[in-house]
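1. Show me the folded form of this:
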Amino acid sequence: MRIALVAQHATPLPAGSAARPGQGGGQANESRLRELSRSLASNGHRVTVYAQRHGSALPARYELDPGVTVEYIGPSDGRHAAVAESELLKQVPAFSKPLQERWSAERPDVVHAVRWTSGLAALAAARDLRIPVVQTFDSLGIAERRHHLTPQGPGVERIRLEPAIGRSASAVVAGSSDEQADLARLGVPRRHIRVVPCGVDTDEFTPEGPVAERGTRPRLVTIADLSEHDALANLLQALSKVPGADLVVAGGPPRGELRGDLSFRRLAKLADTLGVSGQVAFAGHVGRAALPPLLRSADLLVNVSEYDPSGITSIQAMACGTPVIATAGGGQADAVLDGTTGIVVPPGRPALLAQRIRQLLGHPMMLEAFSVAAADRARSRYSWDRIAHETIAVYDTALDAVTTAA
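-> Here you go, the predicted structure:
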């Protein structure tokens with residue numbers, strides 16, 4: 001099968017390339033894009049990733065992995081940082097036209113668009129070519145607005161256009177059952193929606209391997225953007241009711257730059273007020289290579305994000321054999337099996353969160369059983385090979401629908 005993966009926002013780089021300034025959290029999304037394309041190719045398919053050119057140093061075309069080619073479209077605009085969605089939307093026509101020209105000359109069997117502006121471009125380019133378009137949103141604007149993810153919220157254009165994109169696509173891949181429900185409420189037919197979660201590299205995230213240095217006290221780890229003040233404040237309040245436990249907070253700028261970060265200063269002040277400063281270590285940004293050892297060093301991962309569309313942090317911890325306490329929402333509600341691989345708690349309940357943490361830390365045998373079950377679930381449900389097979393099944397369904405309509 002010839003697969004066109006459209007990711008207008010992405011900058012997938014050749015192996016060994018340095019990350020570009022300004023990519024930040026976008027690197028995780030691009031890592032998932034690479035893992036998916038690599039897994040599809042390993043199943044015998046030819047994958048071409050189409051991204052918009054940002055930066056003059058990028059080649060027009062190169063092989064990302066065996067069977068995976070990247071093509072950058074459009075002239076360089078000289079930028080090196082991530083481009084805002086409003087700018088990507090303005091550039092959709094200029095991005096879509098070359099796509100149509102390429103696909104007219106060499107027609108893919110299926111197009112898979114990642115994020116909403118990519119969906120607009122893909123639908124326009126494929127309109128007259130009768131190529132099925134599969135859509136992945138990664139995160140929906142209505143969900144981000146509901147959870148107040150950013151102060152300004154998602155743009156009006158995104159809120160208005162995402163339902164139309166979902167209804168126009170041959171199939172929509174939802175990352176979780178929560179997203180599936182949101183899509184149905186937006187008017188996307190349920191028969192066109194398939195839940196395929198984010199995968200995890202089960203060779204990299206595994207119970208075996210180096211372990212970060214730690215003390216003898218129970219260790220909790222959380223990985224979060226420090227701007228998630230309310231969620232992290234709830235965790236610090238819960239920690240004040242778990243004497244004897246340490247908490248590592250990973251996220252934000254590099255450790256050496258934390259003192260200049262307003263979010264860090266607010267949280268550090270709160271920790272001091274609550275009397276838990278001696279229990280909390282702010283690690284700053286933790287790179288990809290250091291993440292599995294940190295997760296292995298934890299007795300528990302505590303994921304307090306009120307909206308985590310993929311649940312990837314919880315899945316990575318489970319793959320390392322670390323049980324998870326997570327808030328119920330987004331991909332976490334699917335990933336964490338309450339009472340089997342961890343515990344799911346409602347957001348905004350620090351006393352209950354503290355009770356659940358004490359419950360697990362006080363029962364080592366239960367913690368060990370959760371650890372074994374967590375690793376097994378991550379391997380069996382979230383390996384990239386399984387995710388690739390489920391994605392290919394969506395492509396086959398979309399192809400059948402186009403063939404039947406013809």
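2. The residue most central in space within the chain and R377, how far apart?
-> In the chain, the centroid-proximal residue (C-alpha atoms, centre = their mean) is S310; its distance is 4.8 Å. For S310, the distance to R377 (C-beta to C-beta, to the nearest Å) stands at 15 Å. Glycine gets a C-beta too; all of them are placed from N, C-alpha and C.
3. thinking again about what came up before, tell me which residues touch the residue nearest to the centre of the chain, please.
-> Neighbouring residues of S310 by C-beta atoms under 8 Å, 6 or more residues apart in numbering: R32, D138, G175, S176, P197, C198, G330, G331.
4. how about the helices of the stretch 51-200 of the chain, start to end?
-> With DSSP state H, counting those that start in this stretch as the criterion, the stretch 51-200 of the chain has helices at 85-90, 92-105, 116-126, 141-146, 156-168, 177-185.
5. I'd like the distance from the last one to the chain centre, please.
-> On the basis of C-alpha atoms, centre = their mean, to the nearest Å, helix 177-185 is displaced by 17 Å from the centre of the chain it belongs to.
6. Could you export that helix as PDB, keeping only the C-alpha atoms?
-> Only the C-alpha atoms of helix 177-185 are listed here, as PDB (Å, rounded to 0.1, in the frame of the first residue of the first chain):
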ATOM      1  CA  SER A 177     -12.900   6.600  23.900                       C
ATOM      2  CA  ASP A 178     -13.300  10.200  25.200                       C
ATOM      3  CA  GLU A 179     -12.300  11.600  21.900                       C
ATOM      4  CA  GLN A 180     -14.600   9.200  20.100                       C
ATOM      5  CA  ALA A 181     -17.500  10.500  22.200                       C
ATOM      6  CA  ASP A 182     -16.600  14.100  21.400                       C
ATOM      7  CA  LEU A 183     -16.400  13.300  17.700                       C
ATOM      8  CA  ALA A 184     -19.800  11.700  17.700                       C
ATOM      9  CA  ARG A 185     -21.200  14.800  19.500                       C
END
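7. For that helix, list every residue counted as buried.
-> For helix 177-185, the neighbour count (16 or more other C-beta atoms under 10 Å) marks D178, E179, Q180, D182, L183 as buried.
8. same for the helix ranked longest in the chain, what does it pack against?
-> The helix that spans the most residues within the chain, counting by DSSP state H, is helix 384-405. If you count contacts as 3 or more C-beta pairs under 8 Å, 6 or more residues apart in numbering; DSSP states H and E, helix 384-405 packs onto helix 26-42, strand 110-114, strand 133-136, strand 171-174, strand 193-195.
9. Using PDB, write out the CA atom coordinates for it.
-> Provided in PDB are the C-alpha atoms of helix 384-405 (Å, rounded to 0.1, in the frame of the first residue of the first chain):
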ATOM      1  CA  TRP A 384       3.800   0.200  17.800                       C
ATOM      2  CA  ASP A 385       3.500  -3.100  15.800                       C
ATOM      3  CA  ARG A 386      -0.100  -3.500  17.100                       C
ATOM      4  CA  ILE A 387      -0.900   0.200  16.600                       C
ATOM      5  CA  ALA A 388       0.400  -0.100  13.000                       C
ATOM      6  CA  HIS A 389      -1.900  -3.100  12.300                       C
ATOM      7  CA  GLU A 390      -4.900  -1.300  13.700                       C
ATOM      8  CA  THR A 391      -4.100   1.700  11.600                       C
ATOM      9  CA  ILE A 392      -3.800  -0.400   8.500                       C
ATOM     10  CA  ALA A 393      -7.200  -1.900   9.200                       C
ATOM     11  CA  VAL A 394      -8.600   1.600   9.200                       C
ATOM     12  CA  TYR A 395      -7.000   2.300   5.900                       C
ATOM     13  CA  ASP A 396      -8.500  -1.000   4.500                       C
ATOM     14  CA  THR A 397     -11.900   0.100   5.600                       C
ATOM     15  CA  ALA A 398     -11.600   3.500   4.000                       C
ATOM     16  CA  LEU A 399     -10.400   1.900   0.800                       C
ATOM     17  CA  ASP A 400     -13.300  -0.500   0.700                       C
ATOM     18  CA  ALA A 401     -15.700   2.400   1.200                       C
ATOM     19  CA  VAL A 402     -14.300   4.300  -1.800                       C
ATOM     20  CA  THR A 403     -14.400   1.200  -3.900                       C
ATOM     21  CA  THR A 404     -18.000   0.500  -3.000                       C
ATOM     22  CA  ALA A 405     -19.000   4.100  -3.700                       C
END
